[in-house]
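Engineer: predicted structure and sequence below. I'll ask about it afterward.
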Amino acid sequence: MAAASAVVAVEKGALPAGFAKRAQVVTETDKDAERPGGLPAFEAHPNRDLVLGEVHARPFRMVETPRVFLRYGFTTDEEATARDREWFSGFCRSHGAPVPDASARYHVIDLQTGALRWERHGEFTTYTWDGPGQGVTGVFDAPRGHPFGAGFRAPGPQIVAARLDLVRVEDADFEPLIERFDRTSLAVSSIHGDAARIVTDFRQDKDGMTRILIVDDRLRPHQAGALAQRLLEVETYRTLALLGLAEANRQAPSVARIEAGLADIAEKMRSSEGVETNRVLLDDLTRLAAELEAGAAASAYRFGASRAYEAIVEQRLLAIEESPVEGYFTFHQFLNRRMAPAMRTCRTLEERQANLSRKLARAATLLRTRVDVELERQNRDLLVAMNRRARLQLRLQQTVEGLSVAAVSYYVVGLISYLAKAAKESGLHLPSTEVVTGISVPVVVIAIWMMVKRIRAHHSDPEKDDSS
């Protein structure tokens, strides 16, 4: 109905011309399509489902206390992701659960012992299982019923391993419970106005898991689920963010060596002379610049990802709205003391790379300028030498021209002498042949000299050259 009205409006000229084609498409394809509510169905943008579903991706799960969560994160590339998706699809089918779509980045299946959540991220994949907890007595015992046994296949190298227990504890039992954590790195915070307390020491237990504890006093199920997911994400992304520190430590010796090399070249530039010396310095400088750019290109993604992960950690810490518990660090305080210096190291090295690149570029420009100036000086000296040789050649040419005039004149006068003798023998009344020959000498010399001069003027005149 609405599409038909649109076409009528176009025909009457009430709608812009650009709308006509769209209205006709809707009329031809969807004129009879209506939604259950009676409203028309229009052609959807190809990415409409993606952008609408993104805000609902990875939703919070409602959980009841007690509960235990296990999360493993693995670094994966495209090939490993494809193999992992295939394995996980088979895992879902073996448990009678639907398989994830080909483009899905998040999928949850319900097992008899709990729920397994699979998430695909840019450079890593996580598996999170949550099942019934064993209460306070089982906080430090191995959880039962998890799927990470012999049948589980890791998609790549493990980078994250975390365990979160959601329990209820009497106030009198709280202090004895956290005695099992390392006091030197213990962080304790109060959440939602003392509705819960969160505890961790950010260390690994005997199973290599970072232990996190949520002591539930009066959390609602959706609050408990949101808090658990955010704390697991804090542990995941703070671990991934610190990968940048490893890259910074790897790049630091190379950057220091390049800085020392640049300082040495700059010192040599102060006293270097000659094109070859400057050219050798320029080659060394180019080699250092290439090495720096290779290192910067290799670390650019890692440093950029670390900044993004750090921002996510900050967002998650702000979202949980923790408040301090007397005598303990909050999560934010502890991570700010331990994680912030590592992130500053990454940023500092990245800035060193950028500054060093600019300095290398300036030094290379200066050396190229000096080489160009030296080459221009050599070219100038070469042109001066060429001009000197040209002048010598011109003088030699003029000398040769004088000699050639005399030589040609001599032969021409000789011919005239032969002609005079032949004419006298034939009976012509001519003065003596010696007189005729003598008279012809100045005439021949002047004629030959003028002819040579004209030829030289013709070849030295570019306009005559062009016209000819």
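Structural biologist: Right, received. Where do you want to start?
Engineer: where is the longest helix in this structure?
Structural biologist: Secondary structure of the chain per DSSP state H: the longest helix is helix 331-425.
Engineer: report all helices and strands that it contacts.
Structural biologist: Applying 3 or more CB pairs under 8 Å, 6 or more residues apart in numbering; DSSP states H and E, one finds that helix 331-425 contacts strand 187-191, strand 196-204, helix 221-241, helix 243-271, helix 275-320, strand 322-324, helix 433-459. Heads up, the C-betas are built off the backbone N, CA and C, glycines and all.
Engineer: rank the ones you listed by pLDDT, which is bottom?
Structural biologist: With a mean of 79, helix 433-459 has the lowest mean pLDDT of the helices and strands packed on helix 331-425.
Engineer: report the buried residues of it.
Structural biologist: Buried residues in helix 433-459, counted by 16 or more other CB atoms under 10 Å: Thr433, Val436, Thr437, Ser440, Val444, Val445, Ile448, Trp449.
Engineer: which residues does Ala187 contact?
Structural biologist: Residues near Ala187 by CB atoms under 8 Å, 6 or more residues apart in numbering: Val199, Thr200, Asp201, Phe202, Tyr328, Phe329, Thr330, Phe331, Gln333, Phe334.
Engineer: not counting residues beside it along the chain, what's closest to it?
Structural biologist: Leaving out its chain neighbours, the residue that sits closest to Ala187 by CB to CB, 6 or more residues apart in numbering is Phe334, at 4.2 Å.
Engineer: show me the shaky parts of the stretch 301-450 of the chain.
Structural biologist: In the predicted model of the stretch 301-450 of the chain, residues 429-430 satisfy pLDDT under 70.
Engineer: wait, which of the helices and strands packed on helix 331-425 is closest to Thr113?
Structural biologist: Minimum separation from Thr113 across these (CB to CB) falls at helix 221-241, 17.3 Å.
Engineer: what is the closest one packed up against?
Structural biologist: With contacts defined as 3+ CB pairs under 8 Å, 6+ apart, helix 221-241 has these neighbours: strand 67-75, strand 124-132, strand 158-167, strand 196-204, strand 210-216, helix 275-320, helix 331-425.
Engineer: same list (those) but as TSV, adding mean neighbour count and distance to Ser189.
Structural biologist: Formatted as TSV, those follow (neighbours: other CB atoms under 10 Å; distance: least, CB to CB, whole Å):
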stretch	mean neighbour count	distance to Ser189
strand 67-75	23	18
strand 124-132	21	21
strand 158-167	22	14
strand 196-204	20	5
strand 210-216	23	10
helix 275-320	17	8
helix 331-425	14	6
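Engineer: export those as a markdown table, with columns for distance to Ala224.
Structural biologist: Below are the helices and strands packed on helix 221-241 laid out as a markdown table (distance: least, CB to CB, whole Å):
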| stretch | distance to Ala224 |
| --- | --- |
| strand 67-75 | 7 |
| strand 124-132 | 11 |
| strand 158-167 | 6 |
| strand 196-204 | 8 |
| strand 210-216 | 6 |
| helix 275-320 | 12 |
| helix 331-425 | 17 |
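Engineer: indicate which one of those is closest to Leu39.
Structural biologist: helix 275-320 (36.2 Å).
Engineer: what about that closest one, distance to the chain center?
Structural biologist: What separates the centre of helix 275-320 from the centre of its chain is 9 Å, taken as CA atoms, centre = their mean, to the nearest Å.
Engineer: tell me which other helices or strands it touches.
Structural biologist: Packing partners of helix 275-320 (3+ CB pairs under 8 Å, 6+ apart): helix 221-241, helix 243-271, helix 331-425.
Engineer: taking strand 187-191 as reference, get the angle to the longest one.
Structural biologist: Taking axes from the mean of the first three to the mean of the last three CA atoms, to 10 degrees, one finds that helix 331-425 is oriented at 110 degrees with respect to strand 187-191.
Engineer: now the terminal residues of stretch 127-142, how far apart.
Structural biologist: Criterion CA to CA, to the nearest Å; first-to-last residue distance in stretch 127-142 is 18 Å.
Engineer: give me the mean pLDDT for it.
Structural biologist: Averaging pLDDT along stretch 127-142 yields 87.
Engineer: could I get the helices and strands packed on helix 275-320 as JSON lines with distance to Pro100?
Structural biologist: Shown next, in JSON lines, are the helices and strands packed on helix 275-320 (distance: least, CB to CB, whole Å):
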{"stretch": "helix 221-241", "distance to Pro100": "19"}
{"stretch": "helix 243-271", "distance to Pro100": "27"}
{"stretch": "helix 331-425", "distance to Pro100": "32"}
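Engineer: which one of those helices lies closest to Thr76?
Structural biologist: So among the helices and strands packed on helix 275-320, helix 221-241 is nearest, using CB to CB, at 12.5 Å.
Engineer: buried sites along the closest one?
Structural biologist: In helix 221-241, counting by 16+ other CB under 10 Å, buried: 223-241.
Engineer: for the helices and strands packed on helix 331-425, which one sits closest to His95?
Structural biologist: Evaluated over the helices and strands packed on helix 331-425, closeness to His95 peaks at helix 221-241, with 22.1 Å, by CB to CB.
Engineer: quick one: that closest one to strand 158-167, angle?
Structural biologist: Interaxial angle of helix 221-241 relative to strand 158-167 (the same axes, to 10 degrees): 150 degrees.
Engineer: need the nearest residue in space to Lys359, chain neighbours excluded.
Structural biologist: Spatial nearest neighbour of Lys359, excluding adjacent residues (CB to CB, 6+ apart): Leu262 at 6.2 Å.
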